[in-house]
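S.K.: okay, predicted coordinates and the sequence, questions at the end:
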Amino acid sequence: MLTNIIFSEIIVGQQAFFQKQLMEEDLFLFAKTSGDSNPLHLDEAYAKTTRFGERIAHGMWSGSIISAAIATKLPGPGSIYLSQILNFKRPVKVADTLTVTLEVTHKHAEKPIITLACSVKNQRDEVVVEGEAKVMAPTEKLQLDVV
């Protein structure tokens, strides 16, 4: 069951967390969905010739788990993503487990809009992505069954 946090309940400093492990299948599914078939992500032989020495995730795959954190944790269902700034700090490799931390840094005075600091760290506690999102928070409570 997913339950949202409505605008009136949100406070500056509030945090939420989301975790996901990058599996090999994710590389291929993201490439198929996005159309980004860069061999750095899909071709092990090619990737070995790059500075990374192995395949890495699409940067936007890491960005997409920030979206998942917003959609499921803070504010949750009914959120409307308005903007995102992303800074990619380190590569993400197959089997890395990423943890997204969202923190409310600002609440608009007149509109149900919040600003979130976004940080994504790997299992070694290294920042792989950081940025900021603006989100229109829901104003009505929602509960959704998750399949």
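M.R.: On my side now, so go ahead.
S.K.: ok, the nearest residue to Ala57 once chain neighbours are set aside - how many residues close by?
M.R.: Spatially, and ignoring its direct neighbours in sequence, Ala57 is nearest to Val92 (4.0 Å; CB to CB, 6 or more residues apart in numbering). Quick note: C-beta positions are derived from backbone N, CA and C, even for glycine. Neighbour count for Val92, taken as other CB atoms under 10 Å: 22.
S.K.: wait, doesn't Val92 sit right on Leu98?
M.R.: Yes. Counting by CB atoms under 8 Å, Leu98 is a contact partner of Val92 at 6.6 Å.
S.K.: what do these two both touch?
M.R.: 22, 62, 122, 128 (CB atoms under 8 Å, 6 or more residues apart in numbering).
S.K.: helix, strand or coil for the second one?
M.R.: Same thing as Ser62. For Ser62, the assignment made with DSSP: H, G, I helix; E, B strand; the rest coil gives helix.
S.K.: then Ser67?
M.R.: From three-state DSSP, the assignment for Ser67 is helix.
S.K.: for this structure, which segments count as strands?
M.R.: Here the chain has its strands, by DSSP state E, at 2-3, 15-21, 80-88, 97-107, 113-121, 127-136, 143-144.
S.K.: ok, which of the ones you listed comes nearest Ala68?
M.R.: Of all the strands of the chain, it is strand 15-21 that lies closest to Ala68, at 6.0 Å by CB to CB.
S.K.: low-confidence stretches in the chain?
M.R.: Applying pLDDT under 70 to the chain flags residues 147.
S.K.: point to the residue nearest the middle of it.
M.R.: Nearest residue to the geometric centre of the chain (CA atoms, centre = their mean): Ile66, 1.5 Å.
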